[in-house]
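Chemist: Everything below, folded, please.
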Amino acid sequence: MKTIAITPDIRCRVPEEWSEIPGGRGISLRTPEGGTVIATAREFQKPARPGMGAGMTSEQMLSAQVAEFGQVPRTLVPGRAYASHSVPIGEHGHEAECRVWHLVNQVGAWHHETIMVSYEPAPGRTLEASVVAVLNAEVPRCEFSRSFTQAANVSHADSRKPKPWWRFW
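Modeler: Here you go, the predicted structure:
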């Protein structure tokens with residue numbers, strides 16, 4: 001296994017034989033059977049005004065992302081939640097199954113780091129059970145250098161158009 005840096009603060013382990021694909025968004029990897037794994041990270045940071053309370057929990061943030069897929073987040077440790085689901089991709093009648101993993105780490109009262117990992121099999125193939133097994137095991141174990149107990153002192157500037165507070169992708 002090798003460790004990849006999704007951001008300077010977030011790392012994940014993947015098999016050595018998964019090769020990095022240059023360009024694209026996030027970290028793109030090619031699996032031995034020709035599938036593609038993409039890991040992207042975002043941050044949601046909202047200034048807390050007096051009386052706003054502790055903000056949403058990581059579980060509540062993740063619920064907003066996966067509820068439409070009928071999934072319920074699982075708490076890994078306080079301030080960190082995880083969920084996974086399938087997504088059909090492609091044209092109607094010719095859809096292929098893709099798998100997605102979500103991980104939310106609460107850094108502060110109104111500050112969350114989010115990871116989305118997607119796995120798309122090679123064209124004309126189905127999801128490879130060994131790739132799904134690796135991602136099922138390793139995505140929940142991603143390492144975060146920041147945690148809810150320490151204040152976040154690093155903020156990543158993002159000049160893109162803002163999205164609703166609950167929609168990261």
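
Chemist: tell me the mean pLDDT for the longest strand along the chain?
Modeler: What stands out as the longest strand in the chain, according to DSSP state E, is strand 96-108. Strand 96-108 shows a mean pLDDT of 92.

Chemist: Would you map the strands across this structure?
Modeler: 2-7, 10-14, 19-21, 27-30, 36-45, 74-77, 80-89, 96-108, 111-120, 143-144.

Chemist: Against residue 19, how distant is residue 6?
Modeler: 16 Å (CB to CB, to the nearest Å). All C-beta spots, glycine's among them, are computed from the backbone N, C-alpha and C.

Chemist: The two: who's more crowded?
Modeler: residue 6 (20 against 10; other CB atoms under 10 Å).

Chemist: Would you agree the more buried one is in contact with residue 115?
Modeler: Yes. Counting by CB atoms under 8 Å, residue 115 is a contact partner of residue 6 at 6.3 Å.

Chemist: what sits in contact with each of those two?
Modeler: Residues touching both residue 6 and residue 115 by CB atoms under 8 Å, 6 or more residues apart in numbering: 12, 39-41, 142.

Chemist: Count the residues that sit near the closest residue to residue 132 other than its chain neighbours.
Modeler: Among residues not flanking residue 132 along the chain, residue 99 sits closest, at 5.9 Å (CB to CB, 6 or more residues apart in numbering). Residue 99 is flanked by 20 other residues according to other CB under 10 Å.

Chemist: Dig out what residue 99 forms beta bridges with.
Modeler: Note on residue 99: beta-bridge partners by DSSP bridges are residue 86, residue 119.
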